[in-house]
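> Using only what follows, build the 3D model:
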Amino acid sequence: MRKIFQLYFAFFLLFNCGELIPNPDDNAQNIKREEPKIERTNDFAIVIHGGAGTIKKENMSAEKEAEYKAKLEEAIRVGHAILKNGGSSLDAVEKTINIMEDSPLFNAGKGAVFTNAGTNELDASIMDGKTLNSGASAGTKTVKNPINLARRIMDDSPHVMMAGDGADSYAKEQGLEIVSPEYFFTEGRLKSLERAKDREKVEMDHDDNQKAAFYDADIKDSKYGTVGCVALDKSGNLAAGTSTGGMTNKRFGRVGDTPIIGAGTYANNATCAVSGTGWGEYFIRGTVAYDISAMMEYKGSTLEEASVEVIQKKLTNLGGTGGIIAVDKNGNMMMEFNTAGMYRATMDDKGELNIEIYSKKQ
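I've put the predicted structure just below:
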């Protein structure tokens, strides 16, 4: 009789009290359903740069400073309007860079510097943080807006990068605006080339053992006018783009970091979007743009922590100079550089505009 009672009691517990016994699987399901809440600083945001380098207030006239600030404002407002109206970060980046490419103030597009051969060779890249798709062009001579070519390579070709005559030909086939090489001529850039060549001659005559000294000196004394833009749109997608004329007096088809994905440009929705400007060889060696994203993804660094670490420590210790602009997936913005100045601007979802040129030390 006792055994029958015990069996009955066991069945009673099994069928009637089962819900009182915690099920590990239920807890796991409950935990899985609790998605972390994303707290955005900005629903959308945009940051631009117009180059970093030896930009000193003492050497800048009030008129020239006003001219740079006006162009930076014009450019960033174009991208901001696209984002405010629900447009994509890719469109905002491309159209913003177009404004700076069309200005002779910056070393990109119309204001591209001259090579040693007296030509203009332009580079650009763009990257989609949602898909990690990207496009880049290097050494083009007839494409009015290289960032448009980079976008077309990303969207409509199976490739990431095209270079030289082939890139020019592809741009023409795609119906992009093609100009005569003379379009890129500016008197100021020509004078910069002449000064670089004069310095080269002096250095060569002075000491044959310092054949590369002129090259280093020209880099360190230059104002890097590379332009770039990073943006976060309302859908949470990040994008980055960069465009440049390269380095004054460059030779042998030299290509810098601008068209190199991970060096001068990088975007990943999981972390941030970055555009760089400066001494390209060091940005390539340090994979600067990607390094910032990697520190955030693998080390858990904030955008600020990663930007400062990469620019003020890693890049500086390598001997490189320049800076970056960046925006993370939550709308936090950064403008970090180790030079005397960097043309830069930010605009948040509230429409607050911030334009700066010089370092805080000046």
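> What are the phi and psi values at the residue lying closest to E39 once chain neighbours are set aside?
Closest residue to E39 apart from its sequence neighbours, by Cβ to Cβ, 6 or more residues apart in numbering: N330 at 6.7 Å. In short, each C-beta sits where N, CA and C put it, glycine included. Backbone torsions of N330, given as degrees, to the nearest 10, read phi -100, psi 10.
> Show me where the stretch 201-350 of the chain has its strands.
Along the stretch 201-350 of the chain, counting by DSSP state E, counting those that start in this stretch, strands occupy 227-232, 238-244, 265-267, 272-278, 322-328, 333-337, 341-347.
> pLDDT below threshold where in the stretch 51-200 of the chain?
Low-confidence segments of the stretch 51-200 of the chain, defined by pLDDT under 70: none present.
> Quick check: can you list the domain ranges of the chain?
The chain breaks down into these domains under automatic domain parsing: 2-33, 45-358.
> that older thread, adding mean neighbour count, write the strands of the stretch 201-350 of the chain out as TSV.
What follows is the strands of the stretch 201-350 of the chain, written out as TSV (neighbours: other Cβ atoms under 10 Å):
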stretch	mean neighbour count
strand 227-232	35
strand 238-244	33
strand 265-267	33
strand 272-278	33
strand 322-328	30
strand 333-337	23
strand 341-347	25
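> Could you dump those into a markdown table with distance to E182 and mean pLDDT added?
Compiled in a markdown table, those are given as follows (distance: least, Cβ to Cβ, whole Å; pLDDT from 0 to 100):
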| stretch | distance to E182 | mean pLDDT |
| --- | --- | --- |
| strand 227-232 | 21 | 98 |
| strand 238-244 | 20 | 98 |
| strand 265-267 | 29 | 99 |
| strand 272-278 | 26 | 98 |
| strand 322-328 | 30 | 98 |
| strand 333-337 | 33 | 98 |
| strand 341-347 | 26 | 97 |
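> right, so of these, which gets closest to F114?
For the strands of the stretch 201-350 of the chain, the distance to F114 is smallest for strand 238-244, at 13.2 Å, taking Cβ to Cβ.
> Point out the most buried one among the domains of the chain.
Mean neighbour count, computed with mean count of other Cβ atoms under 10 Å, is highest for domain 45-358 among the domains of the chain, reaching a mean of 21.
> From the opening residue of it to its closing one, how far?
Domain 45-358 has an end-to-end distance of 22 Å (Cα to Cα, to the nearest Å).
> looking at the sheet around V327, what are its partners?
V327 forms beta bridges with A273, M333, as assigned by DSSP bridges.
> ok, it - contacts?
Taking Cβ atoms under 8 Å, 6 or more residues apart in numbering, we find V327 in contact with A45, I46, V47, V230, A231, L232, L238, C272, A273, L303, M333, M334.
> Quickly note the distance from the nearest residue to M295 once chain neighbours are set aside to V93.
Ranked by Cβ to Cβ, 6+ apart and with sequence neighbours excluded, the top spatial neighbour of M295 is A306, at 3.9 Å. Applying Cβ to Cβ, to the nearest Å, one obtains 21 Å for the distance of A306 from V93.
> And for S61?
Relative to V93, S61 is positioned 31 Å away (criterion: Cβ to Cβ).
> How much space separates the spatially closest residue to G245 that is not a sequence neighbour from V327?
Ranked by Cβ to Cβ, 6+ apart and with sequence neighbours excluded, the top spatial neighbour of G245 is A112, at 2.7 Å. As defined by Cβ to Cβ, A112 lies at a distance of 26 Å from V327.
> how long is stretch 135-149 from one end to the other?
Across stretch 135-149, the terminal residues are separated by 8 Å (Cα to Cα).
> ok now that stretch, how far from the chain's centre?
16 Å (Cα atoms, centre = their mean, to the nearest Å).
> go on, stretch 188-206?
Going by Cα atoms, centre = their mean, the spacing between the C-alpha centre of stretch 188-206 and its chain's C-alpha centre is 30 Å.
> Return the alpha-carbon coordinates of that stretch using CSV.
As requested, the backbone C-alpha atoms of stretch 188-206 are provided in CSV (Å, rounded to 0.1, in the frame of the first residue of the first chain):
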residue,chain,number,x,y,z
GLY,A,188,49.2,77.9,-56.1
ARG,A,189,49.8,74.2,-56.5
LEU,A,190,52.3,74.9,-59.3
LYS,A,191,54.3,77.2,-57.1
SER,A,192,54.3,74.4,-54.4
LEU,A,193,55.8,72.1,-57.0
GLU,A,194,58.5,74.6,-57.9
ARG,A,195,59.4,75.1,-54.3
ALA,A,196,59.7,71.4,-53.8
LYS,A,197,62.0,71.0,-56.8
ASP,A,198,64.1,73.9,-55.6
ARG,A,199,64.5,72.3,-52.2
GLU,A,200,65.3,69.0,-54.0
LYS,A,201,68.1,70.6,-55.9
VAL,A,202,69.6,72.3,-52.8
GLU,A,203,69.6,69.0,-50.9
MET,A,204,71.1,67.1,-53.8
ASP,A,205,73.9,69.6,-54.3
HIS,A,206,74.6,69.7,-50.6
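> which residues in the chain form helices?
2-16, 24-33, 62-84, 89-101, 146-156, 164-173, 187-206, 213-221, 280-285, 288-294, 303-308, 316-318 (DSSP state H).
> avg pLDDT for the shortest one?
Along helix 316-318, the predicted local confidence has a mean pLDDT of 97.
> what about that helix, distance to the chain center?
20 Å.
> Name the surrounding residues that touch it.
Helix 316-318 is contacted from outside by Y282, R285, G286, N338, using Cβ under 8 Å, 6+ apart.
> what's the most distant pair in the residues you listed?
Within the contacts of helix 316-318, two members stand farthest from each other by Cβ to Cβ: R285 and N338, at 15.4 Å.
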